[in-house]
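>>> here's a sequence, model it:
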Amino acid sequence: MEDELKTAIQEAVSSAVAELKEIPEKKVVVVEDEGDREDPKGGFKNMNHFFTDVIQAESAGGATQTLRDYSKKTAGYMEEGDLSQGGYLVPEEFKATLLQTALEESIVAQRATRITMASNRVVIPALVDDDHTSDFFGGVVIYRTAEKGTKTVSNPVFGRIGLTAHKLTGMCYVTDELIEDSAISIEPIIKATFGRAIAFYQDYDFLRGDGVNKALGVFHAGNPSLVSVAIETGQAADTLLFENIVKMWSRMYPAGHKNAVWVANINTFPQIAGMSLAVGTGGIPVYMPAGGISGAPYATLMGRPLLFTEKMATVGDLYDIGLADFSQYIVAEKGGVKIASSMHVRFIYDEQAFRFVMRYDGQPWWLSTLTPKAGDTLSPFVTLAERA
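The predicted model follows:
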């Protein structure tokens with residue numbers, strides 16, 4: 001009886017194995033979980049590993065093990081609800097890498113006051129401090145009261161700044177052949193190209209945006225706190241004089257001098273390099289080093305950094321040069337750079353689509369220029385009038 005039972009079991013096992021062999025093999029890519037659930041890389045070795053897994057998962061018709069584990073860890077925070085539709089959220093570390101690339105390429109964002117948006121719009125209170133001739137902070141008056149004298153009440157005036165999340169987007173298509181044959185090239189392309197492109201557009205908005213579906217820039221007529229310095233009497237067109245620099249410096253509010261930077265178009269350099277301080281019937285250069293052009297030119301004016309950028313206007317035009325304390329500018333971002341991929345957008349062309357989205361806004365913190373106790377108006381944002 002026992003021998004018959006063993007024989008029956010062996011025959012059943014052999015039959016089951018034979019049936020399994022007849023089932024067509026399914027190509028499903030499985031990647032072992034290479035990190036714990038707290039790993040900011042989500043179990044991936046690097047960004048290239050992440051994108052490669054996304055592509056392999058799409059080709060195989062199902063998520064890899066690492067992607068499945070990461071989706072569990074980030075449940076509720078996916079760009080799309082269905083992994084098969086390419087709704088993969090980039091792991092935290094890779095998202096931070098892209099954001100850091102944007103910051104390093106930016107003039108304004110790395111120096112501004114940055115906040116994180118929890119919703120589509122955020123409102124920030126701001127003091128209305130526009131006139132110090134008789135009071136402070138829009139109405140605060142300090143009195144000299146005699147003994148037993150009655151105290152007089154005064155109150156500060158508050159305004160508010162509203163920031164709304166605007167959207168920058170980018171998309172690229174990559175052929176399956178390129179991905180399969182040169183997968184290692186995906187990471188540097190994604191990080192360098194899109195990081196710098198996002199930084200460029202953001203930075204231009206922060207510097208010169210008109211506030212229409214984008215940030216309101218520091219050097220734009222819509223900035224209520226921008227000061228424009230008049231040119232010198234008889235000053236020639238398309239010129240930049242040392243006197244202009246001195247007067248711009250004098251219009252920066254004193255507390256901002258330690259944070260301020262100069263921002264100028266690179267084609268202002270010949271004018272800056274030729275600036276001189278009149279001494280008797282001659283003059284001395286104010287920008288070139290003591291050794292003349294044999295040494296590197298100074299990278300500062302009035303002791304503050306001078307940053308050249310194509311985002312400023314051409315020499316002689318309004319906004320070709322500016323002085324700004326960007327700590328008085330607010331940059332608001334919602335979630336950093338988001339990345340998703342899909343094979344379906346260009347399915348018939350054998351191409352993968354990669355999508356990049358960033359939501360942000362920016363506004364000057366000051367609601368107006370400041371009229372000091374004595375002297376001309378002051379501001380954290382100063383430019384020079386047009387020299388046409």
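>>> residues in contact with the closest residue to residue 154 other than its chain neighbours?
Nearest residue to residue 154 in three dimensions, chain neighbours excluded: residue 141, at 4.2 Å (Cβ to Cβ, 6 or more residues apart in numbering). Every C-beta, even on glycine, is put in place using the N, C-alpha and C of the backbone. Contacts for residue 141 (Cβ atoms under 8 Å, 6 or more residues apart in numbering) come out as 134, 135, 152, 154.
>>> quick one, phi/psi of the closest residue in space to residue 131 that isn't next to it in sequence?
Nearest non-adjacent residue to residue 131, counting by Cβ to Cβ, 6+ apart: residue 371, 4.6 Å away. For residue 371, the backbone dihedrals (degrees, to the nearest 10) come out as phi -90, psi 110.
>>> can I assume residue 371 is in contact with residue 132?
Yes - Residue 371 is within contact range of residue 132, at 6.5 Å (criterion: Cβ atoms under 8 Å).
>>> state the helix or strand in which residue 344 lies.
Assigned by DSSP states H and E, residue 344 belongs to strand 329-346.
>>> and that strand, what's buried?
Across strand 329-346, burial judged by 16 or more other Cβ atoms under 10 Å covers 329-343.
>>> what does stretch 260-276 give?
For stretch 260-276, a neighbour-count test (16+ other Cβ under 10 Å) marks 260, 261, 262, 263, 264, 265, 267, 268, 269, 271, 272, 275 as buried.
>>> also stretch 196-214?
Neighbour counts using 16+ other Cβ under 10 Å place 198-209, 211, 214 of stretch 196-214 among the buried residues.
>>> return the member of the residues you listed nearest to residue 236.
For the buried residues of stretch 196-214, the closest approach to residue 236 (Cβ to Cβ) belongs to residue 208, at 25.0 Å.
>>> contact partners for the closest one?
Contacts of residue 208 were listed using Cβ under 8 Å, 6+ apart, and they are 217, 218, 219, 220, 311, 312, 313, 319.
>>> show me which pair in those is furthest apart.
218 and 313 (13.0 Å).
>>> isn't there a helix covering residue 272?
Yes - counting by DSSP: H, G, I helix; E, B strand; the rest coil, residue 272 is part of a helix.
>>> am I right that it is in contact with residue 264?
Yes - judged on Cβ under 8 Å, residue 272 makes contact with residue 264 at a distance of 7.3 Å.
>>> between these two, what contacts are shared?
The contact sets of residue 272 and residue 264 overlap at residue 306 (Cβ under 8 Å, 6+ apart).
>>> thinking again about what came up before, dump the contacts of residue 208 to a markdown table, plus pLDDT, neighbour count and secondary structure.
Formatted as a markdown table, the contacts of residue 208 follow (pLDDT from 0 to 100; neighbours: other Cβ atoms under 10 Å; DSSP: H, G, I helix; E, B strand; the rest coil):
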| residue | pLDDT | neighbour count | secondary structure |
| --- | --- | --- | --- |
| 217 | 97 | 27 | coil |
| 218 | 97 | 30 | coil |
| 219 | 98 | 24 | coil |
| 220 | 97 | 19 | coil |
| 311 | 94 | 21 | coil |
| 312 | 96 | 25 | coil |
| 313 | 96 | 20 | coil |
| 319 | 97 | 24 | coil |
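>>> show the pLDDT at residue 59.
Listed pLDDT for residue 59 reads 55.
>>> next one: the one 4 residues further on
Looking at residue 63, its pLDDT reads 55.
>>> wait, what's in contact with the residue nearest to residue 131?
130, 131, 132, 133, 377.
>>> can we see that at 6 Å?
For residue 371, the contact set (Cβ atoms under 6 Å, 6 or more residues apart in numbering) comprises 131, 133, 377.
>>> now swap in residue 347 and tell me
Shown in contact with residue 347 (Cβ under 6 Å, 6+ apart): no residues.
>>> any idea how far residue 230 is from it?
61 Å (Cβ to Cβ, to the nearest Å).
>>> repeat for residue 238
Residue 238 is 17 Å from residue 230, by Cβ to Cβ.
>>> how about residue 253?
From residue 253 to residue 230 the distance is 18 Å (Cβ to Cβ).
>>> higher neighbour count, these two?
residue 253 (21 against 10; other Cβ atoms under 10 Å).
>>> surely that one meets residue 378?
Yes - Residue 253 is within contact range of residue 378, at 4.1 Å (criterion: Cβ atoms under 6 Å).
>>> of the contacts of residue 141, closest to residue 170?
Of all the contacts of residue 141, residue 170 sits closest to residue 135, with 48.7 Å by Cβ to Cβ.
>>> mind pulling the model confidence for that closest one?
With respect to pLDDT, residue 135 scores 74.
>>> could you find the closest non-adjacent residue to it?
residue 141 (4.6 Å).
>>> quick one, phi psi at residue 226?
With angles defined as degrees, to the nearest 10, residue 226 sits at phi -80, psi 130.
>>> wait, doesn't it sit right on residue 381?
Yes - at 5.0 Å, residue 226 counts as touching residue 381 under the criterion of Cβ under 6 Å.
>>> more neighbours, these two?
Taking other Cβ under 10 Å, residue 226 and residue 381 do not tie; residue 381 has more neighbours (28 against 22).
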